[in-house]
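K.L.:
Fold the following.
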Amino acid sequence: MVLSDVNHHKIKTNGIWMHVAEKGSGPLVLLLHGFPETWFAWRHQIEFLASHGYHVVAPDLRGFGDSDAPLNPWSYTWFHIVADLLGLFDHFAAQQAFVVGIDWGALAAWNLSLLRRDRVKGIIALTVPFMPRSPSIKPVESFKQMFGDNNYVCQFQEAGRAEKGFARYDCLTVMKKFMLINKTEQLLVSPEMEIIDYLETPSSFPHWITEEELQVFADKFQESGFTGGFNYYRAFDLNWELLAPWQGAKITVAAKLILGDKDIGFDSAGGTKEYIQGDIFKSLVPNHEIVVLDGHHFIQQEKAPQVSHEILSFLQKHS
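P.N.:
Predicted coordinates:
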């Protein structure tokens, strides 16, 4: 699809240059992508929300696309990410903004709300609910206990390992393997196999994305590589240590959670569906609403019209 009148530029924030795609005027709405995406993942929502009177800003998060990508995983804590985003708020002279995020972008939105609720009008998180911090076990060890040593989170921890595996494929094939994934169970990989080898390469494209659109993502990762994205996973345990003072803290801003019923692990035992229906999530995010759509992980692309309208209804309700 062709995006008209989208302004692309770079902003200096928190010591890095961050690329943003910007359109429209009105209340500021930040759209935060996940892995492996860039600002382009929000192409449908940028046009839609701008046409309904909002100032839409979709950055490439640090480590992705045309934004700076520090090599050290310690530069990818939530304190870094939140400071990056607050720098965008300040650049656009916005005391507060709405924040919409998917995957890692959803976690960024949750943590921005946790650390600086005074700057957030409300958040919409796609695919990833707010999760409580375990007081006793680090995240990577928790993943090992639940899914074994060779789940993809553990594979991504070792510097260079995932990069080497991904390099065996061209970037368009990597995009096909990740973005067109249709598995609903947890990704459990045998010890001798890398996650990138385990994922299938679909032979056809679904209706919601074209090869040309996937190539847009592939071209950016061809330029930047994947290390920046892997560094979010490599900062898991460091974030756990740094966020200890917020143990048990609640998300008090208005929140909306949008999920696909065919996302990985959504409907499995102990999965996302069971968690969001339980008391822990309700106690940690007391002011929330939940929408479950017929779809997979990259729901803002797969179900673009529905997601766009769900975002708009939340913005109008809380403006």
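K.L.:
all helices in the stretch 201-319 of the chain, in order from the N-terminus.
P.N.:
Per DSSP state H, counting those that start in this stretch, the stretch 201-319 of the chain has helices spanning 211-224, 227-234, 236-242, 272-276, 279-284, 299-302, 304-318. These are given in chain order.
K.L.:
How far away from the center of its chain is the last one?
P.N.:
The reference is to helix 304-318. On the basis of C-alpha atoms, centre = their mean, to the nearest Å, helix 304-318 is displaced by 18 Å from the centre of the chain it belongs to.
K.L.:
roughly how far apart are L112 and D237?
P.N.:
21 Å (C-beta to C-beta, to the nearest Å). C-betas here are computed from N, CA, C, even on glycine.
K.L.:
Which one of those two is surrounded by more residues?
P.N.:
Looking at L112 and D237 with other C-beta atoms under 10 Å, you find the greater number of neighbours at L112, namely 27 against 16.
K.L.:
which residues does that one contact?
P.N.:
Applying C-beta atoms under 8 Å, 6 or more residues apart in numbering, we find L112 in contact with I81, V82, L85, L86, V99, R119, V120, I123.
K.L.:
For I299, state which of these is nearest.
P.N.:
Ranking those by separation from I299, with C-beta to C-beta as the measure, puts I123 on top at 15.9 Å.
K.L.:
So what touches stretch 228-243?
P.N.:
Counting by C-beta under 8 Å, 6+ apart, stretch 228-243 makes contact with 35-36, 62-64, 69-79, 104, 111, 133-134, 138-140, 153, 156-157, 159, 162-163, all of which sit outside it.
K.L.:
Just the mean pLDDT for that stretch, thanks.
P.N.:
Stretch 228-243 shows a mean pLDDT of 98.
K.L.:
circling back: which ones among the contacts of L112 lie within helices?
P.N.:
I81, V82, L85, L86 (DSSP state H).
K.L.:
which residue packs closest to T38, ignoring adjacent ones?
P.N.:
By the measure of C-beta to C-beta, 6 or more residues apart in numbering, the closest residue to T38 outside its immediate chain neighbours is G65, 3.8 Å from it.
K.L.:
My understanding was that that neighbour contacts W39; is that so?
P.N.:
Yes. Because the distance of 6.5 Å satisfies C-beta atoms under 8 Å, G65 is recorded as touching W39.
K.L.:
now the chain, which segments are flagged as low pLDDT?
P.N.:
Residue ranges of the chain with pLDDT under 70: 1-2, 269.
K.L.:
hmm, what's the outermost residue in it?
P.N.:
If you look at how far each residue of the chain sits from its centre, by C-alpha atoms, centre = their mean, the farthest one is E192, at 28.5 Å.
K.L.:
Next one: that one from D149, what distance?
P.N.:
The span separating E192 from D149 equals 12 Å under the rule C-beta to C-beta.
K.L.:
Please enumerate the strands of the stretch 1-150 of the chain.
P.N.:
For the stretch 1-150 of the chain, the strands defined by DSSP state E, counting those that start in this stretch cover 7-13, 16-23, 28-32, 55-59, 97-102, 120-126.
K.L.:
I'd like these written out as a markdown table, with mean neighbour count added.
P.N.:
Putting the strands of the stretch 1-150 of the chain into a markdown table (neighbours: other C-beta atoms under 10 Å) gives the following:
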| stretch | mean neighbour count |
| --- | --- |
| strand 7-13 | 14 |
| strand 16-23 | 20 |
| strand 28-32 | 26 |
| strand 55-59 | 25 |
| strand 97-102 | 27 |
| strand 120-126 | 25 |
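K.L.:
Which of these sits closest to A244?
P.N.:
Each of those was checked against A244 via C-beta to C-beta, and the shortest separation belongs to strand 120-126, namely 22.0 Å.
K.L.:
helices or strands up against that closest one?
P.N.:
Here strand 120-126 touches strand 97-102, helix 104-115, strand 255-260, helix 304-318, going by 3 or more C-beta pairs under 8 Å, 6 or more residues apart in numbering; DSSP states H and E.
K.L.:
out of the ones you listed, deepest packed?
P.N.:
Between the helices and strands packed on strand 120-126, strand 97-102 has the highest mean count of neighbours, a mean of 27, where neighbours are mean count of other C-beta atoms under 10 Å.
K.L.:
what does it rub up against?
P.N.:
Contacts of strand 97-102 with the rest of the structure, by C-beta under 8 Å, 6+ apart, involve 27-34, 37, 41, 45, 54, 85, 89, 107-110, 112-113, 119-128, 298-300, 311, 314-315, 318.
K.L.:
try stretch 183-196
P.N.:
Residues from elsewhere that reach stretch 183-196 (C-beta under 8 Å, 6+ apart): 147-152, 155, 161-162, 165-166, 168-169, 174, 177, 198-199, 262-268.
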